[in-house]
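In: Take this sequence and fold it.
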Amino acid sequence: MDLIGEEEKKALMEVIEAGYLFRYGDLSNPRFKAKVWNLEREFANKIGSKYGLAVTSGTTALLTALWSLGIGPGNEVIVPGYTFIASITSIIFSRAIPILAEVDKTLTLDPQDVIKKITPKTKAIMLVHMLGNPGHLNEMVKIAENNNLLLLEDCAQSMGAKYENKSVGTFGQMGAFSLNVYKTISAGDGGMVVTDDEDLYKRAFAIHDQGHLPLRQGVEQGKRSVLGLNFRMNELTAAVAQAQLKKLDYIRNKLKENKHILKSIISTNKEIEFRHILDKYGDVGTLLTFFMPTAESAEKLANKLETTTISKSGWHVYNNMEHFLQKMTVTDEGCPFTCPYYNSEIEYKKGMLPQTDELLNRAINISVGVSDAGLGSAYGIHVTSTREEIQEKGEFLLNAIEQSLD
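Out: Residues are numbered from 1 along each chain as shown. Below is the predicted model of the structure:
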């Protein structure tokens, strides 16, 4: 939210003064500014996808994509144990079964563990591009193709990330993005679904708006083949998102510049290991992540920085998702409906992903543009930080690292 300014204010006032806040309208009516309509096309064009669909959040983007792909009861979806809980709950609310898999030093899905987790019930892989960086896309595309699986990319934390000069979200059948306050660009909340498949787009559109077909301008009557809900974005949210989208290249370049400066300062310490980046040119730069030699030294450093290790970063780590780990039945207050997840023979418990646990116990997130205690990035810099501020923060961080290694 550091770069919310006159552009967003102007876009909002244009909608407010016109007095037309609904996403649909007559294009010949000067009061209708078609902000949602234009955002969808500009967003899709920006990342190189044929179709974009604006929804209310990153979570509803995932739900819309999962339902569009036909994910349902009995299907298994492989998902990392290190991701925001929405990745997992969207699978559950699709009435499918989440299969937790390990992450490697990229902090994204480990391809080898994904292969081990495939069963005859597996229908899809949800590849989460965590902390602004792409996961193992070439490997995941190949695994999905070889096993006749669907690939859904969760890009909530990686708007602006690329892999081999191609945007994340465009490798699988569908991609889901977030416009939440803690993301690269933000409208306060909101989400986007992207795809190159026209049939998937039409199905997603119907799901997000009560079964309607795309391009409607008013009340439609007629036969529908899809049941939907209401995940529609309004004109005000789209106005802010559209203004933010125009700033994406600047934000990305500034973040990468600031991250380079910060990383160069602490790189003098050879005992820390930086998170593996699969495409250094595709890095968004929102966070600087590294591993301390031991869990004990990482804990010491986190305390000095008044933050936490990644392992303690709330509902981004499966071990901390208490409402997911507990087994519920259809009679329990927390169970919304009969769901295969609750009745499956799979046991979800703390410590079930030892490789992930070991890495996250040693991992530290430093903010470059996303300061979020829930990510363990309470300490760091911002997109607007000056070189002097970065230098000061970097020297303090380097000193804290060295003290924690004593």
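
In: Run a quick neighbour tally on Asn230.
Out: Other residues within reach of Asn230, judged by other CB atoms under 10 Å, total 10. Using the backbone N, CA and C atoms, a C-beta is placed for each residue, glycine as well.

In: ugh, typo on my part, it should be Tyr348
Out: The local packing count at Tyr348 equals 18, with neighbours defined by other CB under 10 Å.

In: And for the one 10 residues further on?
Out: Glu358 is flanked by 14 other residues according to other CB under 10 Å.

In: One more: Thr119?
Out: Counted with other CB under 10 Å, the burial measure for Thr119 works out to 10 neighbours.

In: and the gap between the closest residue to it other than its chain neighbours and Pro340?
Out: Closest residue to Thr119 apart from its sequence neighbours, by CB to CB, 6 or more residues apart in numbering: Glu76 at 6.2 Å. Taking CB to CB, to the nearest Å as the measure, Glu76 and Pro340 are separated by 9 Å.

In: I figured the residue nearest to Thr119 hits Ser94, correct?
Out: No. Between Glu76 and Ser94 there is no contact, the gap being 11.4 Å when judged by CB atoms under 8 Å.

In: Hmm, His212 is touching Ser225, no?
Out: No. With contact defined as CB under 8 Å, His212 does not count as touching Ser225 (11.5 Å).

In: Measure how far stretch 10-29 is from the centre of its chain, please.
Out: Between the mean C-alpha location of stretch 10-29 and the chain-wide mean there is a distance of 29 Å, by CA atoms, centre = their mean, to the nearest Å.

In: Any idea how far apart the tips of it sit?
Out: Here the two ends of stretch 10-29 are set 20 Å apart, with distance taken as CA to CA, to the nearest Å.

In: for the stretch 51-200 of the chain, what spans make up the strands?
Out: With strands called from DSSP state E, counting those that start in this stretch, the stretch 51-200 of the chain shows them at 51-55, 76-80, 97-101, 122-128, 150-154, 162-163, 166-167, 174-178, 191-195.

In: closest to Glu388 out of the ones you listed?
Out: Smallest distance to Glu388 across the strands of the stretch 51-200 of the chain (CB to CB): 30.4 Å, for strand 162-163.

In: what lines up beside that closest one in the sheet?
Out: According to DSSP bridges, the neighbouring strands of strand 162-163, each with its direction, are strand 166-167 (antiparallel).

In: Report the rounded mean pLDDT for the partner strand.
Out: Per-residue pLDDT values over strand 166-167 give a mean of 98.

In: What are the contacting residues of it?
Out: Outside strand 166-167, the residues that touch it by CB atoms under 8 Å, 6 or more residues apart in numbering are 46-49, 161.

In: And for stretch 224-233?
Out: Residues from elsewhere that reach stretch 224-233, judged by CB under 8 Å, 6+ apart: 23, 36, 39, 54-56, 60, 63-64, 190, 203, 206-213, 241.

In: Using CSV, list the CA coordinates for stretch 254-262.
Out: Extracted in CSV, the C-alpha atoms of stretch 254-262 (Å, rounded to 0.1, in the frame of the first residue of the first chain):
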residue,chain,number,x,y,z
LYS,A,254,12.3,-0.7,-7.6
LEU,A,255,11.9,-3.9,-5.5
LYS,A,256,14.6,-5.7,-7.4
GLU,A,257,16.9,-2.7,-7.1
ASN,A,258,16.4,-2.5,-3.3
LYS,A,259,16.7,-6.2,-2.8
HIS,A,260,20.0,-6.3,-4.7
ILE,A,261,21.4,-3.6,-2.4
LEU,A,262,20.2,-5.3,0.7
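
In: picking up where we left off before, export the contacts of strand 166-167 to a markdown table and tack on secondary structure and pLDDT?
Out: Listed next are those as a markdown table, based on DSSP: H, G, I helix; E, B strand; the rest coil; pLDDT from 0 to 100:
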| residue | secondary structure | pLDDT |
| --- | --- | --- |
| Lys46 | helix | 98 |
| Ile47 | helix | 97 |
| Gly48 | coil | 98 |
| Ser49 | coil | 98 |
| Ala161 | coil | 97 |
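
In: ok, which pair from those is furthest apart?
Out: In terms of CB to CB, the contacts of strand 166-167 reach their longest pairwise distance at Ser49 and Ala161, which sit 14.1 Å apart.

In: Those two: which is more packed in?
Out: Between Ser49 and Ala161, counted using other CB under 10 Å, the more crowded position is Ala161 (25 against 20).
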